[in-house]
Structures are given as C-alpha cells and as structure tokens.
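> I would like to see how this sequence folds:
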Amino acid sequence: MLKRREPFIVSERGLIATLFGLYLVATAALSVFSFYSSQTEQLASTRSMLLTAARAGGHIIGRYFHDIYALDRAPGDVHYRLIVESLDELVADLPDVEYVYSMDMVDGQAYFIVSNETGLDRRRGTLSVFYNPYDSAPEDLFQAYSSGEPVFSDIYDNEWGTFRSAFVPTRRADGTLYIMAADIKIDSRATLLTNSIYSSALIALLALLPLYPLMRTYRRLQRRREEDLERELYYDAITGLPDITGMQRDLAHSTDQDHLSGILINLDEFHAINTLFGYDAGDRLLNQVADAIKKKLPSGARLYRSLIDEYFVLLPDADEQSAMRLAQTLLDTIFEPIEADDRRRITVTARAGVALAIEGAEELLLNAREAMDEARRQSQEIMLYHEGLHPQKRYAENLHWLNEVNDAFRQGRLNPWFQPICETATGAIRHYEALARLTDSRGEIHTPFHFLPAIRKSHLYRQLTCAMIEQSFQHFAHSDASVSINLTRYDLLDETTIAHLITNMHRFGMEGRVIIEVIESESIDYQDEVLKVLKHCKQQGIRIAIDDFGSGYSNFDQILKIDADYLKIDGSLIRRLQSSRKAQALVEAITRFAHSLNIPMIAEFVEDTATITQLQALGVQYVQGYAIGRPTPAEKTELKHTE
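Residues are numbered from 1 along each chain as shown. All right, here's what the predicted structure looks like:
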C-alpha cells in the first residue's frame, strides 16, 4: 500500500516556505511603514530644532546688532569675532545643527551677515565675512523675505551630506527685515530606507521565530493570563497601585466598613501636562507623585489610584485634625518640582477632598469627591466633606444663583470693580483689572466664585462677559489708563463676545488701552483656534496677558506662540514667596525667562511691603494686590481723565 503524500502546504518544507513568505511580506510592510514614519518624525523634529536654533541665534547676535550695522556700517573685528565664537558655542550644543547665521537682502542681492564657523571652514579658510554676497541663494530665502513668515526648505543633498534649512524673518527697529537661518544635517532617504529595512527585517524575524515553541508555552500563558486579568481588574497599569475596584475587594474582606475615612487627591490640569510634555512625561509624573505620597503615609494607610489624575488614601481611624494635617502634608509633597525630561521641570499643584467616618466604600469616595470639587470651586487646596456639599443642596444653590444673577442684570446690580496695578519702578498706577461683582438685594457683595459656576452653561454667561466689557470701557473712555478684562476659553471661542469686545473698544476710544487676560491651560485643548483669535485681537491693538503663569504646567514654547505682552505670575507662588524656597526658585526662573524675552511681569496677590521689595529686587515690573489697593466700584475708582 502506497503511503499517501501529504500536501506541500502542511509539510515541514511547506511550513518553512510559508513562514519565509510571511517573513518577506512582514519585512516589506514594516519597512514601508517604518520609512514613512521615520521621514515624518525627521521632518517634525528638524523643524522644531531649526526654529529653536534660528531664534536662539537671533538672541545671541542681538537685534541691536542688525539695527546698528548695515552694508555700509561694519562692526569692529573684535566685536564681530565674539559673535562668531558665540554662534560656534551654540551650534556645538545643538545636535546635528551645522550652521546658524543671519542674512540680508539689499537691492535683490542676498548677503551673509554673520555665521558660525565649522572646523572645515577654518581649515579651508572660508571664514564668516560681514555682508558676504550669496550668489546662489535658494528660492526659500527670497520667499521668507517676501512673505515675512518662516520658511522650511525641502531636504537637499550637497557634497557635504544631506541637509534641511530654515529661514526665519526678523524685524529691525525700522521695520525692515533680515533673516535668521539655520542648517541641520540629517539622514538621507537612502539611509532611512536602509535602516528601516534592517530594523524591519530584525523585527519580522523576532516576531516569527516564536511560532515554533508557541504551543509548548500555551499552558503557561494561560496561567499568566489569569494573573494579568487580576492585575487589569484590580491594579493601575501605569503606577502599579491597586485601583478603586481593588479597594472595594480589600474592604469586602474587612470587618469594619461603618467608619471609613479617606483623602481624594486630584492633580490640577493634568491633561495640559500630557498635551504639553507628552504622555511619557505624564506617566513618569504619575509614578513620582505616587512614590512621594507613599513615603508620607502613616502606618495602616493605603494608597489607591482613582481616575487618571487622582489618588485615594484610605485612612484607619482618622480624626479631623490628623486627616487635614496629612492632606496638607501630601499636597506640599506633590508641590515639589518633578523632572519632565532632561531639560524641563514640572511643578504640580493639587487639591484634596477629605471624608470622615463614612459607611461603605462607594459612599466614601463619592463624598470625598464632592469635597474635592467644592475645594476647586472655592479655589481652596483642601475641603472637608459636610452635609452642605450634598449634590441636591448644590443643585438648589445653583438655581438660587441663576435667579439672583438674572435679577441683578435687570436691576443693574452686576458691575465691574477695578483693582489697581502699580508700576514698581515709579509707583505710578496706569493699569487696572476689571473684576465682576454682584450686589444682592440685601446689599451684600459677591465675587464670581459664588455665581459663575451656576451660569457658565447658560445664556447669562455671555451676557455677563459683554456687560463687563461695555461697562469697563465706558468708565475708562475719558482717561489714559489701561484696563484688563478676564476672558476664558469659552469667551475666546465665542465670535459674538470677541466682536462685542472689538466693537466697544472702538466705540469708546480704547485702542491701545485694552488688555485681555487668558489662562494658558484653558487654551491647550483648542490651541489652534485660540491662537487664531488671540492673533486677531493683537492685530486690533489689544494686548495679551497670560494669567496664572507658573501654576504647574507652563510651557515656555507655548508663550512664544501666544506672543504675550505680559506674564501674570501665579498668585499661589507669590503667597509662598516669603516662606517657600521652592516658590522663590520658581519665581526667579520665571523672571529670568520673561527678562530674556523682554516681556513685562505682573505679580498678583501682593499683600505686604516685604513682598513688594523682594519682587522689585527680582525685576518684576508691576504688582497687584491688597498691598496696592483693593477692588473698588467704578464710582470710587479715581482715574486721571484726558481732555
């Protein structure tokens, strides 16, 4: 009896052939994907590096250099060589950047003004020469000069390798343009493709090799899967902490669930940290915060992970004093600066809700969250839960404020008050911030903290913003003082509100005397749309102030995009300035950054002369707070009137 021949596809050779075919297909697919991903990543990273190099070079050379010297006015040799050497040091610190230089156009002719020099340049004797003609200038240079916008070249090859360039127009004091430029050396397309093929071939090989021993490990993987399922159900993947489900499981085996206490901690604006610094930095931060909290927990306390930016501390037999003291200790620990990466540090702030002697884990977490939310609404760090925070009572309070605001509008009891901003150098007061105040039927004054959350999602919110704009401009119309208006993300994205702002600015002759204060974190999720609105406002002559700067996630590159006219240092830092070395270090870092960009600073919540003196020493140009003056209604705000 003849042995039946098995099909080739299921034979040993067929299996090898199939695996080899899969290997080739996987290698090809991965190579294509890796190649295009590498190209995309290369373009993005080089764009950022080129822009950084060009702008940094501009700071090193200094705008005054281009204002003073021209084709017919050359600098001295010593001065010129010092700038060249400074550019050499800059290029040495920037990975793969070959050249940073400035250029000019005179009668259609391109000239090199000043550039760094490579070792090859010095060996060949091709040194930087002031206003050296550039006869083969690329079209990108002319395009940048004519458009006034940065232009990034395509990737190009020459005898020294593969490069990409950026041309960044910069304006002189007389309004004319010169070009700051940078060249960066990059991998060629052939190199990218070769690297992609090598890495893809290795990845495909490593991916297919385990197919042979796969069946042998099947049972072991089943057991591992059960362990993984338990971790997924009860533990957080980022920090390794047990999650709330894990807490409920732990408490299910506990004999005492009648008197549970805990602290819910929420990191402020954590989504902004992920957006600005990346998810890897956000994950590192979550782990470092978890480690910092664990080190401060008393014996018997257990730490759990709640939502993506929250931690829950379960306390054994806690009283109010010890729980509140522990909550403050944990918040102070979180305030320690954390490394985002090799060059940037993040200072995180947080809020806490404390709930004591609650029956059941679910009710405990709910009450702690109500307390934490109330702390946020009241701009407090810590809040202890009480019966007044129950959701039904909060809904009744919101309804009360909706009716109160509606009546206040009809009866003219919702008006701007004005707080003075003092110039530290002269003591002069030429700026004021407009702050909404509601006078109720009993004559009591209320800040937006009480009524703003209730009206934010109603038509009254736009009405409030527009009323503050119009009343403020009317009061300042016949003076020479400036006024700041606070606008949220909702205001900036509301076309009606922005149109009302600009129309009333012209109506009351407030051109050049209007400042809008925006909070950087509120624009993160709608960055492009908000930046477009801010640019339009600046074109109309409105100045921009970044409020709460330094509150924990500030990204300096973001400030460059916003093109701010003022930075308002976060009040929590100013409050701690006399007592916290960390706060002092952060304020000093902010002032150095602002001075480097020539952006004036305003310090809020200045409440004593000692703080004023310290801020003056740091070079802060403006101060605002009770030490200068409290907010007052329009009729009590004395302004210097123009004829």
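
> With adjacent residues omitted, what lies nearest to Ala375?
Spatial nearest neighbour of Ala375, excluding adjacent residues (C-beta to C-beta, 6 or more residues apart in numbering): Met383 at 3.7 Å. Where C-beta positions appear, they are placed from N, C-alpha and C, glycine not excepted.

> tell me the contacts of that neighbour?
Neighbouring residues of Met383 by C-beta atoms under 8 Å, 6 or more residues apart in numbering: Arg351, Ala352, Gly353, Val354, Ala371, Met372, Glu374, Ala375, Leu389.

> Mind putting those into JSON lines with neighbour count, secondary structure and pLDDT?
Below are those laid out as JSON lines (neighbours: other C-beta atoms under 10 Å; DSSP: H, G, I helix; E, B strand; the rest coil; pLDDT from 0 to 100):
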{"residue": "Arg351", "neighbour count": "23", "secondary structure": "strand", "pLDDT": "89"}
{"residue": "Ala352", "neighbour count": "27", "secondary structure": "strand", "pLDDT": "90"}
{"residue": "Gly353", "neighbour count": "28", "secondary structure": "strand", "pLDDT": "90"}
{"residue": "Val354", "neighbour count": "26", "secondary structure": "strand", "pLDDT": "90"}
{"residue": "Ala371", "neighbour count": "23", "secondary structure": "helix", "pLDDT": "87"}
{"residue": "Met372", "neighbour count": "26", "secondary structure": "helix", "pLDDT": "87"}
{"residue": "Glu374", "neighbour count": "19", "secondary structure": "helix", "pLDDT": "82"}
{"residue": "Ala375", "neighbour count": "22", "secondary structure": "helix", "pLDDT": "83"}
{"residue": "Leu389", "neighbour count": "19", "secondary structure": "helix", "pLDDT": "67"}
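
> what's the closest of those residues to Leu90?
Closest approach to Leu90 among these (C-beta to C-beta): Arg351, at 41.9 Å.

> Contact partners for that closest one?
Taking C-beta under 8 Å, 6+ apart, one finds Ile265, Asn266, Asp268, Leu331, Met372, Ala375, Arg376, Gln380, Glu381, Ile382, Met383 in contact with Arg351.

> which non-adjacent residue is nearest it?
Ala375 (4.6 Å).

> ranges for the strands of the stretch 251-400 of the chain?
Listed in chain order, the strands of the stretch 251-400 of the chain (DSSP state E, counting those that start in this stretch) span 260-267, 302-305, 310-315, 338-339, 345-346, 350-358, 382-384.

> Can you add distance to Ser37 and give these back as JSON lines?
Below are the strands of the stretch 251-400 of the chain laid out as JSON lines (distance: least, C-beta to C-beta, whole Å):
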{"stretch": "strand 260-267", "distance to Ser37": "32"}
{"stretch": "strand 302-305", "distance to Ser37": "32"}
{"stretch": "strand 310-315", "distance to Ser37": "34"}
{"stretch": "strand 338-339", "distance to Ser37": "28"}
{"stretch": "strand 345-346", "distance to Ser37": "28"}
{"stretch": "strand 350-358", "distance to Ser37": "37"}
{"stretch": "strand 382-384", "distance to Ser37": "46"}
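
> Just to check, Leu90 is in contact with Ser115?
No. Counting by C-beta atoms under 8 Å, Leu90 sits too far from Ser115 to count as a contact (11.3 Å).

> Of those two, give the one with the bigger neighbour count.
Ser115 (24 against 19; other C-beta atoms under 10 Å).

> ok, what's across the strand from the closest residue to the more buried one other than its chain neighbours?
Leaving aside its sequence neighbours, Ser115 sits nearest to Tyr101 (C-beta to C-beta, 6+ apart; 3.3 Å). Per DSSP bridges, the residues bridged to Tyr101 are Ser115, Ala181.

> ok so, going back, and the gap between the residue nearest to Ala375 and Ala318?
According to C-beta to C-beta, to the nearest Å, Met383 stands 16 Å off from Ala318.

> Repeat that for Ala70.
For Ala70, the distance to Ala318 - C-beta to C-beta - is 73 Å.

> Those two: which has the busier surroundings?
Ala318 (24 against 16).

> That one and Leu364 touch, don't they?
No. Using C-beta under 8 Å, Ala318 makes no contact with Leu364, being 11.5 Å away.

> Return every residue with contacts to both of these two.
Joint contacts of Ala318 and Leu364 (C-beta under 8 Å, 6+ apart) are Ser261.

> Okay, domains of this structure per the record?
Domain segmentation of the chain under automatic domain parsing yields 22-190, 235-388, 394-636.

> Give me the average confidence score over the first one.
Confidence for domain 22-190, expressed as mean pLDDT, is 89.

> Work out for me the element Asp157 sits within.
The secondary structure element spanning Asp157 is strand 156-158 (assigned by DSSP states H and E).

> Which positions within the helix or strand following that strand qualify as buried?
Where DSSP H and E defines the elements, the next helix or strand beyond strand 156-158 is strand 161-171. For strand 161-171, the buried set under the neighbour-count rule, 16 or more other C-beta atoms under 10 Å, comprises Thr162, Phe163, Arg164, Ser165, Ala166, Phe167, Val168, Pro169, Thr170.

> likewise stretch 580-592?
Quick answer for stretch 580-592 (16+ other C-beta under 10 Å): Ser580, Ala583, Gln584, Leu586, Val587, Ile590, Thr591.

> Just the CA atoms of that stretch, as PDB, please.
In PDB, the C-alpha atoms belonging to stretch 580-592 read as follows (Å, rounded to 0.1, in the frame of the first residue of the first chain):
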ATOM      1  CA  SER A 580       9.000  78.700  50.500                       C
ATOM      2  CA  ARG A 581      12.400  78.400  48.900                       C
ATOM      3  CA  LYS A 582      10.700  76.300  46.100                       C
ATOM      4  CA  ALA A 583       8.400  79.200  45.300                       C
ATOM      5  CA  GLN A 584      11.300  81.700  45.300                       C
ATOM      6  CA  ALA A 585      13.200  79.500  42.900                       C
ATOM      7  CA  LEU A 586      10.200  79.200  40.500                       C
ATOM      8  CA  VAL A 587       9.600  83.000  40.600                       C
ATOM      9  CA  GLU A 588      13.300  83.600  39.900                       C
ATOM     10  CA  ALA A 589      13.100  81.200  36.900                       C
ATOM     11  CA  ILE A 590      10.000  82.900  35.600                       C
ATOM     12  CA  THR A 591      11.600  86.400  35.800                       C
ATOM     13  CA  ARG A 592      14.700  85.200  34.000                       C
END
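
> List of residues touching that stretch?
335-337, 347, 549-550, 567, 569, 572-574, 576-577, 601, 618-620.

> Narrow those residues to those that are buried.
Here, 16+ other C-beta under 10 Å leaves 335, 347, 549-550, 567, 569, 572-574, 576-577, 601, 618, 620 buried among those.
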